[in-house]
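Peer 1: need a structure here:
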Amino acid sequence: MKKWKNSWLVLIIALVAMLAACNANDKSESAEQEEKTEPAETAATEVVIDNNDTTQTYTEAPTKAISLNQHVTEIMLALGLEDSMVGTAYLDDKIYEPLQAAYEKVPVLSDQYPTKEQVIDAEADFLYGGWKSAFGEKGVGTPEELEELGIHTYLHTSSNMTKPTLEDIFTDIRNVAKIFRVEERGEAFIEQMTKDVDAIRAKLPQDGEDLRVLVFDSGEKDVFTAGQNFMNELVTIAGGQNVFGDVESGWTTVSKEDAVDRNPEVVVVIDYGETTAQQKIDFLKNDPALKEMEAVKNDRFVILPLSAASEGVRAAEAFEILAKGFYPDNF
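Peer 2: As a prediction, the model looks like this:
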């Protein structure tokens, strides 16, 4: 993971250098630009985005954005957009360390979703939601309602579909980068993440059967686990087989008996909230049914933060955590 974080820092430094170079070029060529009558292409071109059953046209980049879930907050910060943000909300856990300094520049509006009044008071012109609930009954309002107020919205598509892949995340990143006219930063980030993922893949076993893996989010009566959401993709590319990957939904509830019957060799414990990962592990070890799973008997647990399990900038880090947990001898 340290190597991955180092590559992340290198990428951030490169993005800063690129921005500095752009500023220098702007100053040195100011006289020439004054003579030009045509604006820059990114400033002149309208951006049209189809998203969440709406078509929205951006005549210019938003300057007063609010992010509504942690993983999309981290995407905006990774793209260097903190100066274009007037607020953020709804952390699942600690913000990703390389982005902490940028995060501290953005006002935190709410522990959960802000109210519509808070959004209006912030004079927001763009809202970025990670989950559909952001624009639901308990969220900030529907896209249609917000559009009437002159506020654009974007829903992170890869978090709200079945069987999302890395390419789906990249599509979201490209869309947001395009909206804010920072396409080069988006492509630089995607290129680095692709290299990181490929480097980890190269260390995985190339033959043999994949490990049977259960994703354990929570549950006392039943088990709340991953079906065909992004965790299914992460487990698969890390050389595992999600034992409930045949369930055609994202997060899903299954019986303890079904979990035991599928007998996972590894349990991925999702870490968030007031219940610690260790408390979840202790529960699995002491539950009369679940303690019979091979993974529990052999003490094969991999702890993954929820923010890393979401469809965001930590995908490569999550992949590395799982790969090392599944095949420690290969690293």
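Peer 1: and residue 209, what pLDDT?
Peer 2: Looking at residue 209, its pLDDT reads 84.
Peer 1: which element follows the helix or strand harbouring residue 86 toward the C-terminus?
Peer 2: Per DSSP states H and E, residue 86 falls inside strand 85-89. With elements assigned by DSSP H and E, the helix or strand that comes after strand 85-89 is helix 100-103.
Peer 1: helices and strands of the protein: which one bottoms out on pLDDT?
Peer 2: Every helix and strand of the chain was ranked by mean pLDDT, DSSP states H and E. The lowest is helix 30-35, at a mean of 39.
Peer 1: ok so, going back, identify the residues contacting the strand holding residue 86?
Peer 2: Applying CB atoms under 8 Å, 6 or more residues apart in numbering, the contact partners of strand 85-89 are 64-69, 73, 76, 103, 106-114, 118-119, 122-124. Every C-beta, even on glycine, is put in place using the N, C-alpha and C of the backbone.
Peer 1: can you list the strands that it pairs with?
Peer 2: Under the criterion DSSP bridges, strand 85-89 sits next to strand 65-67 (parallel), strand 108-110 (parallel) in its sheet.
Peer 1: for those, which one ends up most surrounded?
Peer 2: Stretch with highest mean neighbour count among the strands paired with strand 85-89: strand 65-67 (a mean of 28; mean count of other CB atoms under 10 Å).
Peer 1: figure out how far the helix or strand following it is from the centre of its chain.
Peer 2: Following strand 65-67 in sequence order, the next helix or strand is helix 70-78 (DSSP H and E). In terms of CA atoms, centre = their mean, to the nearest Å, the centre of helix 70-78 is found 7 Å from the chain centre.
Peer 1: list the contacts of helix 70-78.
Peer 2: Helix 70-78 has contacts (CB under 8 Å, 6+ apart) with 12, 65, 67, 82, 84-85, 88, 90-93, 95-96, 99, 102-103, 106, 128-130, 156, 159, 172-173, 176, 189, 307, 310-314.
Peer 1: for ChimeraX, what selects the buried ones among those residues?
Peer 2: Remark: buried members of the contacts of helix 70-78, expressed as a ChimeraX selection using 16 or more other CB atoms under 10 Å:
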select :12,65,67,82,84,85,88,90,91,92,95,96,99,102,103,106,128,129,130,156,159,172,173,176,189,307,310,311,312,313,314
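Peer 1: quick one: average confidence on stretch 307-325?
Peer 2: Rounded mean pLDDT across stretch 307-325 is 95.
Peer 1: my error: substitute stretch 54-69 in the last question.
Peer 2: Across stretch 54-69, pLDDT averages out at 97.
Peer 1: buried ones in that stretch?
Peer 2: Those would be 54, 56, 58, 61-62, 65-69, for stretch 54-69 by 16+ other CB under 10 Å.
Peer 1: what's the answer for stretch 126-138, then?
Peer 2: 126-131, 133-135.
Peer 1: again with stretch 174-193
Peer 2: Buried residues in stretch 174-193, defined by neighbour count with 16+ other CB under 10 Å: 175-182, 185-186, 188-190, 192-193.
Peer 1: of those residues, closest to residue 219?
Peer 2: Residue 219 has its nearest neighbour among the buried residues of stretch 174-193 in residue 193, at 31.6 Å by CB to CB.
Peer 1: excluding chain neighbours, what is closest to the closest one?
Peer 2: residue 316 (5.0 Å; CB to CB, 6 or more residues apart in numbering).
Peer 1: so which residues of the stretch 101-250 of the chain form helices?
Peer 2: 116-121, 143-148, 166-179, 183-201, 230-237 (DSSP state H, counting those that start in this stretch).
Peer 1: so can I have JSON lines of the ones you listed showing distance to residue 209 and mean pLDDT?
Peer 2: Shown next, in JSON lines, are the helices of the stretch 101-250 of the chain (distance: least, CB to CB, whole Å; pLDDT from 0 to 100):
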{"stretch": "helix 116-121", "distance to residue 209": "50", "mean pLDDT": "96"}
{"stretch": "helix 143-148", "distance to residue 209": "45", "mean pLDDT": "95"}
{"stretch": "helix 166-179", "distance to residue 209": "23", "mean pLDDT": "98"}
{"stretch": "helix 183-201", "distance to residue 209": "17", "mean pLDDT": "96"}
{"stretch": "helix 230-237", "distance to residue 209": "13", "mean pLDDT": "95"}
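Peer 1: turn those into TSV, including distance to residue 271.
Peer 2: As requested, those are exported to TSV (distance: least, CB to CB, whole Å):
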stretch	distance to residue 271
helix 116-121	29
helix 143-148	32
helix 166-179	21
helix 183-201	20
helix 230-237	13
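Peer 1: how many neighbours does residue 227 have?
Peer 2: 21 (other CB atoms under 10 Å).
Peer 1: my guess is it meets residue 248, correct?
Peer 2: Yes. Using CB atoms under 8 Å, residue 227 is in contact with residue 248, at 6.7 Å.
Peer 1: what do those two both touch?
Peer 2: Residues within reach of residue 227 and of residue 248 at once, by CB under 8 Å, 6+ apart, are residue 162.
Peer 1: between helix 70-78 and the strand holding residue 86, find me the angle.
Peer 2: 150 degrees (axes from the mean of the first three to the mean of the last three CA atoms, to 10 degrees).
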